[in-house]
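Chemist: Structure, please.
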Amino acid sequence: MANPLYYWTTILILARYFLKHNQTIMKTRKLLFFSLAIFCFTQVANAQRGVRIGYIDMEYILESVPEYKEASTQLEGKVQRWKKDIDKKQKEIDLMTLNLSNERVLLTKELIEEREEEIKIKEDEMLQYQQDRFGPNGDLMIQRRQLVQPIQDQVFNIVQEVAEGKKYDFIFDKSADVVMLFAAKRNDISDLVLRSINRAAKRTQATSKKEEKQIEKRDGLDLEEEKEVTEREEAIEAKKNEREKIMEQRKKERDSIRAVKKAEFDARRTRLLEERQRRKDSILNASGNRNSSPPGPGGDDNGEGDN
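Modeler: Residues are numbered from 1 along each chain as shown. You can find the predicted model right below:
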């Protein structure tokens, strides 16, 4: 829609010019009033149509895309490793600086300069490493762009389709640098964009005709209907997870009871075996003692007396 301020400014400038230089020319005045009439008619027509303005929240969309969340987690792991490397290098430099400070009085000027040069080299290496990882053109910025760019391109294409289909005049990004003092929730189309992204992902991941038909069926739903379907599916999934959790807990309890009973059985069996072994050993010991006892007085081994 044209800018009204621009039209008014242009017309006022023309009016001042023509009235100043051609006040005696009636045709000019007629032209001026004709222009004003056309302008007013245009503004009334535009006002009757109204301006449709929507917005998206890119941060919300990104955080809701599973692939982005997974890749962000992996990138955060790299960032932590880079930070540890920098801390390690800094501690090494600090130790070298401390040792030089403690040994300075014992070193010659040449050795001091040599040690200082080594420290300087280490510091330059650390700063270069830090720049390579976290600088404006470092690995972090490059990988973040690589991570965000495909989703941003997808969002841009979807926004174009939504704007054309829903007849939006303007669509802003709430999370960008645009100053938005107020934004009505009804103008937020983030969920609409996110739904299109998820549908595209599901189509790509569909492995059967049944899944493809389910996706096509949901394509015909509007946003509110799909929300209701999604909420029902989530409620069903939550109940299923709760049942599985209860069944898992019961299984753990049964396994625990079985483990206790088995331990008691094993302990009882061990006691019985030990008791049986003790009785057996006792019998063997008693038999051995009888066989090794000496013969009685006046007797011999054959039990015969003297003639």
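Chemist: For stretch 118-129, buried residues please.
Modeler: 119, 122, 126 (16 or more other CB atoms under 10 Å). Quick note: C-beta positions are derived from backbone N, CA and C, even for glycine.
Chemist: Tell me where the stretch 151-300 of the chain is predicted with low confidence.
Modeler: 177-181, 183, 204-227, 229, 288-300 (pLDDT under 70).
Chemist: And the strands in it?
Modeler: 170-173 (DSSP state E, counting those that start in this stretch).
Chemist: Helices of that one, start to end?
Modeler: 190-205, 209-219, 223-291 (DSSP state H, counting those that start in this stretch).
Chemist: quick revisit: among the buried residues of stretch 118-129, which one sits closest to residue 193?
Modeler: residue 126 (42.6 Å; CB to CB).
Chemist: Distance of the closest residue to that closest one other than its chain neighbours relative to residue 141?
Modeler: Distances taken as CB to CB, 6 or more residues apart in numbering put residue 89 closest to residue 126, at 4.2 Å, once the chain neighbours are dropped. For residue 89, the distance to residue 141 (CB to CB, to the nearest Å) stands at 21 Å.
Chemist: and what of residue 147?
Modeler: 11 Å.
Chemist: Now do stretch 130-139, average pLDDT.
Modeler: What stretch 130-139 shows for mean pLDDT is 94.
Chemist: what's around the nearest residue to residue 174 once chain neighbours are set aside, how many residues?
Modeler: Spatial nearest neighbour of residue 174, excluding adjacent residues (CB to CB, 6+ apart): residue 57 at 4.5 Å. Using other CB atoms under 10 Å, residue 57 has 20 other residues around it.
Chemist: And the pLDDT at residue 57?
Modeler: 88.
Chemist: domain ranges for this structure?
Modeler: Domains of the chain are assigned by automatic domain parsing as 4-50, 61-181.
Chemist: Could you tell me the least trusted of those domains?
Modeler: When I compare these, domain 4-50 is least confident, with a mean of 49.
Chemist: Deepest in the core, which of the helices of the stretch 151-300 of the chain is it.
Modeler: helix 190-205 (a mean of 16; mean count of other CB atoms under 10 Å).
Chemist: buried stuff in the helix or strand in which residue 89 is found?
Modeler: Here residue 89 sits within helix 66-103, counting by DSSP states H and E. By neighbour count with 16+ other CB under 10 Å, helix 66-103 contains the buried residues 68, 71-72, 75, 82, 86, 89, 93, 96, 100.
Chemist: Packing partners of that helix?
Modeler: With contacts defined as 3 or more CB pairs under 8 Å, 6 or more residues apart in numbering; DSSP states H and E, helix 66-103 has these neighbours: helix 109-134, helix 139-166.
Chemist: okay if I get those as TSV plus distance to residue 242?
Modeler: Below are those laid out as TSV (distance: least, CB to CB, whole Å):
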stretch	distance to residue 242
helix 109-134	44
helix 139-166	33
